[in-house]
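Q: Following is a predicted model, sequence given first.
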There are 2 protein chains.
Amino acid sequence: MNAPTENLTIGAFARTAGVNVETIRFYQRRGILRQPAKPYGGIRRYGAADVARLRFVKSAQYLGFNLDEIGDLLRLEDGTHCREASVLAELKLRSVREKLAGLARMETALSGLVKACHARKGNVSCPLIASLFRDARREVSMSRRRA
Amino acid sequence: MNAPTENLTIGAFARTAGVNVETIRFYQRRGILRQPAKPYGGIRRYGAADVARLRFVKSAQYLGFNLDEIGDLLRLEDGTHCREASVLAELKLRSVREKLAGLARMETALSGLVKACHARKGNVSCPLIASLFRDARREVSMSRRRA
DNA sequence: CTTACTTCCGTAGTCAACTACGGAGTCAAG
DNA sequence: CTTGACTCCGTAGTTGACTACGGAAGTAAG
């Protein structure tokens, strides 16, 4: 799995991806990032694929997935047999769609607020809570832990 | 701000919303949930609005917001003056839209995988990493902390 | 070669978000 | 009017995700 150009030291890798060196080592221990083979008495080198993978991890985190879930997503990325993959993918797809629905509702409520603000002035409020439940009762629910 | 029926004890409130009593008390200390006035030598009571608010908090968490950000969202819900509100709302709107874009990409990649699995059998992989960056470089980026 | 910076690796500390504990006060079924 | 469950409140412990520390070994500019 060695890409053409594996030229980055761990420090350069960390700077490129915008994280701390210790975070990379932590992800390696968690099995989220690989630990490239190190030449006898030498240093490990990283490439562009590692950077992309790490950026993906950070984005997925921003999208509300925890490290175990990100591990699942990466197993799909890395490729597994259809039988397990499709079960897992359907599960992840369900939670992605739940998140999409919830965020779409927030988007509506927030853009409504912004519009209302531009129109009148004074006090305004934003029916965010109502928006998340309106005519979609339970669509975005508490299926939180391990979707 | 007392709703018509404030009949729930903290325990019933917690069960209804599917959280731990201690979590409610923790949110009260954080200023995310109110602490209803308690009658002289009595007990606090909670109503449907409290339940909805708490469910909103849990949903927003699932959507990748932290408690500070959820505090911001609730300030919009509760209503503030347009000047501050619209600035805050535009910011939140931006991060909601970033999340929507990232999730939409994941959705495409995952449903592609599921479809591929139904078609052929054997090994399949899922270009999740590529999907998050393809023709949208930096759209979902590392603007993580405090959006 | 020296010297200053890195890497390597294991262990320990921090921060956010809970979760548990314990003792005093409150409530409600019998 | 007792008794068992629950509330209140402050403090302490846990979990997930990092972040820091320190000493031995690697690296690279002068």
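A: Sure, I can see it.

Q: mind listing what the spatially closest residue to A:Leu33 that is not a sequence neighbour touches?
A: Nearest non-adjacent residue to A:Leu33, counting by Cβ to Cβ, 6 or more residues apart in numbering or on different chains: A:Tyr27, 4.3 Å away. From N, CA and C alone the C-beta is placed, and that goes for glycine too. Listed by Cβ atoms under 8 Å, 6 or more residues apart in numbering or on different chains, the contact partners of A:Tyr27 are A:33, A:54, A:57.

Q: Now go through those and say which are in helices.
A: Assigned to helices by DSSP state H, the following of those qualify: A:54, A:57.

Q: residues contacting the residue nearest the centre of chain A?
A: Among the residues of chain A, the one closest to the centroid is A:Ala60, at 0.3 Å (Cα atoms, centre = their mean). The neighbours of A:Ala60, taking Cβ under 8 Å, 6+ apart as the test, are A:69-70, A:73, B:106, B:132.

Q: Distance of A:Asp50 relative to B:Cys126?
A: According to Cβ to Cβ, to the nearest Å, A:Asp50 stands 18 Å off from B:Cys126.

Q: Just list the residues touching A:Thr23, thanks.
A: Contacts of A:Thr23 by Cβ under 8 Å, 6+ apart are A:Ala14.

Q: Look at it and report its pLDDT.
A: For A:Thr23, the model assigns a pLDDT of 98.

Q: same deal with the one 10 residues further on?
A: Turning to A:Leu33, the model gives it a pLDDT of 98.

Q: wait, it sits on A:Asp50?
A: Yes: using Cβ atoms under 8 Å, A:Leu33 is in contact with A:Asp50, at 6.7 Å.

Q: Run through the bridge partners of A:Tyr46.
A: Bridge pairing for A:Tyr46 (DSSP bridges) gives the partners A:Leu8.

Q: from memory it sits against A:Glu6, does it?
A: Yes: counting by Cβ under 8 Å, A:Tyr46 does reach A:Glu6; the two are 6.4 Å apart.
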